[in-house]
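Trainee: based on what follows, work out the 3D shape:
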Amino acid sequence: MTFYERIKKILDGLSSPSAQELRNALETLEIEYEELVPFLQTPEGQPYYRRLLYQNDQVELLVMNWSDIECAPHDHGLSKGWIQMMEGNSMNTVYKVEDGQLPKQLFDKIHHKGAFFFAPKYGVHKMKREGADSLVTLHLYSPPIQGMKVYDLKKCAACIVSEDCGAWWPDHQRQKLKEITFEQD
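Mentor: Modelled structure (predicted):
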């Protein structure tokens, strides 16, 4: 069975999966770092390069190859998902968001190679590579991400970004689907 056939067989069986079903599917895939190497590219001045490995109406599977730039605080819109550390270590910063306010940092946690962590619907976090080793992560979300909100804490602003924008302030106006400004404290 090929890499793609294995992914399709497992992920096509999911219908409105729970958080636990997503985690089980990601573990069942048993993807090895070596299988991801052909999909990795240099991030080119962004926090990460991402490659969509698989998507249907229920789920999407992405691989990300990280630079030494941290991503912006962001949510995953209406999606929930799991992130698996394939290579290297990550610093994950989790935020609390109250309606109409900028996110407030709650805590930082380092995730080591092999670890899994959950990204809840509307949960806000940011990630960065921890240490000098390369960082590669595997992400399984349901439903596929739409309406991701990215925050710029210095500008007291957020924007909902298009699907071709990552967890950073958009480079192009067309990637800003909606911009939101907040009152400064």
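
Trainee: partners of the nearest residue to Thr137 once chain neighbours are set aside in the sheet?
Mentor: Ranked by CB to CB, 6 or more residues apart in numbering and with sequence neighbours excluded, the top spatial neighbour of Thr137 is Met64, at 4.9 Å. Glycine gets a C-beta too; all of them are placed from N, C-alpha and C. Listed beta-bridge partners, Met64: Arg50, Thr137 (assigned using DSSP bridges).

Trainee: for Met64, give me the pLDDT.
Mentor: Note for Met64: predicted pLDDT of 98.

Trainee: residues in contact with the residue nearest to Cys156 when sequence neighbours are not counted?
Mentor: Spatial nearest neighbour of Cys156, excluding adjacent residues (CB to CB, 6+ apart): Phe182 at 4.5 Å. By CB atoms under 8 Å, 6 or more residues apart in numbering, Phe182 lies in contact with 100-102, 156-158.

Trainee: what does Gly123 give?
Mentor: 75-76, 94.

Trainee: could I get the residues you listed in JSON lines, plus columns for pLDDT?
Mentor: Output for the contacts of Gly123, formatted as JSON lines (pLDDT from 0 to 100):
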{"residue": "Asp75", "pLDDT": "97"}
{"residue": "His76", "pLDDT": "96"}
{"residue": "Val94", "pLDDT": "98"}
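
Trainee: and the buried ones among these, selectable in PyMOL?
Mentor: One line in PyMOL is enough to select the buried members of those, burial here meaning 16 or more other CB atoms under 10 Å:
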select buried, resi 75+76+94
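
Trainee: tell me how far the residue positioned nearest the centre of the chain lies from Leu53.
Mentor: Centroid-nearest residue in the chain, with CA atoms, centre = their mean: His139, separated by 6.1 Å. His139 sits 9 Å away from Leu53, going by CB to CB, to the nearest Å.

Trainee: swap in Leu62?
Mentor: Distance from Leu62 to Leu53, by CB to CB: 6 Å.

Trainee: list the residues that contact Ser79.
Mentor: Taking CB under 8 Å, 6+ apart, one finds 119, 121, 141-146 in contact with Ser79.
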